[in-house]
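Undergrad: take a look and give me a structure for this.
(4 chains)
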Number of protein chains: 2
Amino acid sequence: MEKEKLNTAKTITIYDIAKEAGVSASTVSRVLTGSASVRKEKKERIQKIIEKYNFKPNALAKGLSDTSTKTIGVIAADIRNPFYASLFVSCELAAEAAGYSVVLANSLGVKEREVNQLDYLMQQRVDAIIQIGGRVDDLVTDDSYAEKLRDICKTTPVVVTGKIDKAPVYSVSINQTKAMDIIMEHLIGLGHEKIAMVGGLMRVVSTYNKYNSYVENLKKHGIAVKGEYVINGNYDPVSGYEGTNKLLELSEQPTAIVAINDFAASGALRSIREHGLRVPEDISVVSFDNTYTADILSPKLTSIDYDYDHFGKMLVDTAIAVIKGQKTDDNQMVEPRLVFRESTGKAPD
Amino acid sequence: MEKEKLNTAKTITIYDIAKEAGVSASTVSRVLTGSASVRKEKKERIQKIIEKYNFKPNALAKGLSDTSTKTIGVIAADIRNPFYASLFVSCELAAEAAGYSVVLANSLGVKEREVNQLDYLMQQRVDAIIQIGGRVDDLVTDDSYAEKLRDICKTTPVVVTGKIDKAPVYSVSINQTKAMDIIMEHLIGLGHEKIAMVGGLMRVVSTYNKYNSYVENLKKHGIAVKGEYVINGNYDPVSGYEGTNKLLELSEQPTAIVAINDFAASGALRSIREHGLRVPEDISVVSFDNTYTADILSPKLTSIDYDYDHFGKMLVDTAIAVIKGQKTDDNQMVEPRLVFRESTGKAPD
DNA sequence: GTGAAAGCGCTAACAA
DNA sequence: TTGTTAGCGCTTTCAC
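TA: All right, here's what the predicted structure looks like:
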């Protein structure tokens, strides 16, 4: 279809509507916001004109005058990761249901970007900021980052999925200890004792918590903790693959592998297959996050789920509560549950 | 950390800076935008104060006054789908490099949402809209949607990844015909003649194009087109799984399966495995999109890639060119290439 | 119930 | 080079 020159001509405003309806701009504003009552006949007349032009009020002007944009900024580490994507969409839906919209900012794991995104969202005058992943995952928070956040918190509520030291943010985080408890109960219940852990960095809170819970569970059941069964690494398929390779070269191979997330688990699966072993007959594999990846692999992964919809809603509800000045818990927990699929089974004899 | 009451007190403005620096607001504005020269000593004084307060100009006010927000709206079908996520991130990066930022709106495959998202972006006064997936994938565009778009195009450039009839949008789309050509050459070159196609709906342009190319290629090589080798369906693992199940019950099983995307391919892989067959020894599997899913599965998928970074950049560059009133191609093509991995091999004898 | 007027924070002529 | 002024489009007192 041929393009006509972009008609910068004139975007229709509330004044145009007012003029055509023979009323003042304030009256139009009143029917738009419903902030005060307008005589029925006028109201209908105005609404008709609004529809006729398909008029949409300028959100910038509205935000400027309101000093509230009804927008929540969400900083995610990387939206290409299904964990963040799911959580983001849940937030989007929860926000919408509450009359807010969300704006996404990807930090892509780059520290500098994370700070820039914070600035960006502040410039956009978002009413609150939700940060999922990134700096908030650090076991110990970077000082300059904490300072930045402290500054922001003075005017804008911040809720994070991890933790931030020394800044008055709200947090909604996964009960990792419990998650690992569930996994260990599951595995030990299936007769496993040689349980390994693959992937993850100890400087990441969630991993650190999981590791501690892993050790505790082993001890509780009188199972010796073997250092060579814990292979740190990244959160990707390659780390899971390489970690599992090391595990399978051990003289005493584990019978179960706890992968730090579904990606790492996919690598574990590959390594195991290449070693000519079967899952779950020879080795069981469990992981965290229950992203759709868990459902795509063969065997399908037994994985820890967090009820993303609920998780997102907690994040958003907390943000909105703080915006409205309501009292809220500083730290809330999301409870995990196990989704049992095909990758775990009885320990081999 | 204890929360102090949110200090709604006073957000600092350009006037505060001006006052403290003993200059006028416009002078501050000038150093902020670099739109005109300011005496060096003043400039430095102002910059010092800006840093001291970590002042960030209000983007709403700026956008209102400029009537340009330096923002591009991106409507994606579903950011949880890695195809869209990759493309979105590429757009984000390309936009940033050009001094723009992007705002994401998920339509989630809901037609009504798609229209709402369009309205939302218009209210936010984005400088352009990029739509990837959704209505733009339809073989024949919905009339009311086309009308809406026509309206928008009057003031705001719209660039889509698919096609829209009867609306002056710009398009950057994948050369699907070529993509299928490449796959068929690959397969036929490996000696395959019994080639099936699994997943996808004929009312979706990309699928329609691929199907036609599939038929053309078969004909070109003198291979009979068999209706039972084409199983339409969705774009998810289940469709790939069920489709392949049907294929494997045929008296004459295909030796190669072209899945409509990586998700469908994952289902195909599962079905094949359950039938006790091996990939690629007994059956080859190829797919489109080359999302990271292709790399996670075992065997890793041979898949068609689009160079997402380039794709995103084309989308954004086109949008910006139109914003700036520069001349641009109405329809551009993204060229596909094959990423050869483990799931395809020589046809069995 | 309704209009006039001021203001949200910034930019961009226009003078000086 | 700099300050003054007038908007950008909306909401919201404040009178009437």
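
Undergrad: just the strands in chain A please.
TA: Secondary structure of chain A (DSSP state E): strands at A:71-76, A:101-106, A:128-132, A:158-160, A:170-174, A:195-198, A:230-231, A:256-259, A:284-288, A:302-305, A:331-334, A:337-339.

Undergrad: as JSON lines, those with distance to chain B, mean neighbour count and mean pLDDT would be great.
TA: Every residue, glycine included, has its C-beta placed from N, CA and C. Listed next are the strands of chain A as JSON lines, based on distance: least, C-beta to the nearest C-beta, whole Å; neighbours: other C-beta atoms under 10 Å in any protein chain shown; pLDDT from 0 to 100:
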{"stretch": "strand A:71-76", "distance to chain B": "9", "mean neighbour count": "26", "mean pLDDT": "97"}
{"stretch": "strand A:101-106", "distance to chain B": "5", "mean neighbour count": "24", "mean pLDDT": "96"}
{"stretch": "strand A:128-132", "distance to chain B": "10", "mean neighbour count": "26", "mean pLDDT": "97"}
{"stretch": "strand A:158-160", "distance to chain B": "11", "mean neighbour count": "25", "mean pLDDT": "96"}
{"stretch": "strand A:170-174", "distance to chain B": "8", "mean neighbour count": "22", "mean pLDDT": "96"}
{"stretch": "strand A:195-198", "distance to chain B": "15", "mean neighbour count": "26", "mean pLDDT": "98"}
{"stretch": "strand A:230-231", "distance to chain B": "19", "mean neighbour count": "20", "mean pLDDT": "98"}
{"stretch": "strand A:256-259", "distance to chain B": "12", "mean neighbour count": "31", "mean pLDDT": "98"}
{"stretch": "strand A:284-288", "distance to chain B": "12", "mean neighbour count": "29", "mean pLDDT": "98"}
{"stretch": "strand A:302-305", "distance to chain B": "14", "mean neighbour count": "24", "mean pLDDT": "98"}
{"stretch": "strand A:331-334", "distance to chain B": "11", "mean neighbour count": "15", "mean pLDDT": "96"}
{"stretch": "strand A:337-339", "distance to chain B": "16", "mean neighbour count": "15", "mean pLDDT": "98"}
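
Undergrad: so can I have a markdown table of the ones you listed showing distance to DNA strand D?
TA: Formatted as a markdown table, the strands of chain A follow (distance: least, C-beta to the nearest atom of the strand, whole Å):
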| stretch | distance to DNA strand D |
| --- | --- |
| strand A:71-76 | 15 |
| strand A:101-106 | 15 |
| strand A:128-132 | 19 |
| strand A:158-160 | 25 |
| strand A:170-174 | 26 |
| strand A:195-198 | 54 |
| strand A:230-231 | 57 |
| strand A:256-259 | 51 |
| strand A:284-288 | 45 |
| strand A:302-305 | 41 |
| strand A:331-334 | 31 |
| strand A:337-339 | 43 |
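
Undergrad: need these in a markdown table (columns: distance to residue A:83).
TA: Listed next are these as a markdown table, based on distance: least, C-beta to C-beta, whole Å:
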| stretch | distance to residue A:83 |
| --- | --- |
| strand A:71-76 | 9 |
| strand A:101-106 | 14 |
| strand A:128-132 | 9 |
| strand A:158-160 | 15 |
| strand A:170-174 | 10 |
| strand A:195-198 | 17 |
| strand A:230-231 | 21 |
| strand A:256-259 | 13 |
| strand A:284-288 | 9 |
| strand A:302-305 | 11 |
| strand A:331-334 | 13 |
| strand A:337-339 | 14 |
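
Undergrad: any chance of the backbone angles for residue A:165?
TA: Taking degrees, to the nearest 10, you get phi -80, psi 150 for the backbone angles of residue A:165.

Undergrad: who are the packing partners of the worst-scoring helix or strand of chain A on mean pLDDT?
TA: Each helix and strand of chain A was given a mean pLDDT (mean pLDDT, DSSP states H and E); the minimum falls on helix A:143-153 at a mean of 92. Applying 3 or more C-beta pairs under 8 Å, 6 or more residues apart in numbering or on different chains; DSSP states H and E, one finds that helix A:143-153 contacts helix A:111-123.

Undergrad: CA atoms only: put the helix it packs on into PDB for me.
TA: C-alpha atoms of helix A:111-123 as PDB (Å, rounded to 0.1, in the frame of the first residue of the first chain):
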ATOM      1  CA  LYS A 111      26.100  -4.000  35.800                       C
ATOM      2  CA  GLU A 112      26.400  -0.700  34.100                       C
ATOM      3  CA  ARG A 113      23.200  -1.300  32.200                       C
ATOM      4  CA  GLU A 114      21.400  -2.100  35.400                       C
ATOM      5  CA  VAL A 115      22.200   1.300  36.800                       C
ATOM      6  CA  ASN A 116      21.200   3.000  33.500                       C
ATOM      7  CA  GLN A 117      17.900   1.100  33.500                       C
ATOM      8  CA  LEU A 118      17.300   2.400  37.000                       C
ATOM      9  CA  ASP A 119      17.900   5.900  35.800                       C
ATOM     10  CA  TYR A 120      15.800   5.400  32.800                       C
ATOM     11  CA  LEU A 121      12.800   4.200  34.800                       C
ATOM     12  CA  MET A 122      13.200   7.100  37.200                       C
ATOM     13  CA  GLN A 123      13.100   9.500  34.300                       C
END
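
Undergrad: which helices and strands does that helix pack with?
TA: Using 3+ C-beta pairs under 8 Å, 6+ apart, helix A:111-123 is in contact with strand A:71-76, strand A:101-106, helix A:143-153.

Undergrad: re the thing from before, for the least confident helix or strand of chain A, list every residue counted as buried.
TA: Under the neighbour-count criterion of 16 or more other C-beta atoms under 10 Å in any protein chain shown, helix A:143-153 has A:145-146, A:148-150, A:152-153 buried.

Undergrad: could you dump those residues to a markdown table with distance to residue B:270?
TA: Shown next, in a markdown table, are the buried residues of helix A:143-153 (distance: C-beta to C-beta, whole Å):
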| residue | distance to residue B:270 |
| --- | --- |
| A:145 | 44 |
| A:146 | 47 |
| A:148 | 47 |
| A:149 | 45 |
| A:150 | 50 |
| A:152 | 47 |
| A:153 | 48 |
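
Undergrad: just flag the most distant two among the residues you listed.
TA: With C-beta to C-beta as the measure, no two of those lie farther apart than A:145 and A:153, at 12.4 Å.

Undergrad: closest one to DNA strand C among the strands of chain A?
TA: Minimum separation from DNA strand C across the strands of chain A (C-beta to the nearest atom of the strand) falls at strand A:71-76, 15.7 Å.

Undergrad: low-confidence stretches in the stretch 101-250 of chain A?
TA: For the stretch 101-250 of chain A, applying pLDDT under 70 flags no range at all.

Undergrad: switch to 90 and redo it
TA: A:109, A:111, A:133-137, A:162-166 (pLDDT under 90).

Undergrad: what does it have sitting close to DNA strand C?
TA: For the stretch 101-250 of chain A, the contact set with DNA strand C under C-beta under 7 Å from any atom of the strand is empty.

Undergrad: many thanks, I have nothing further to ask.
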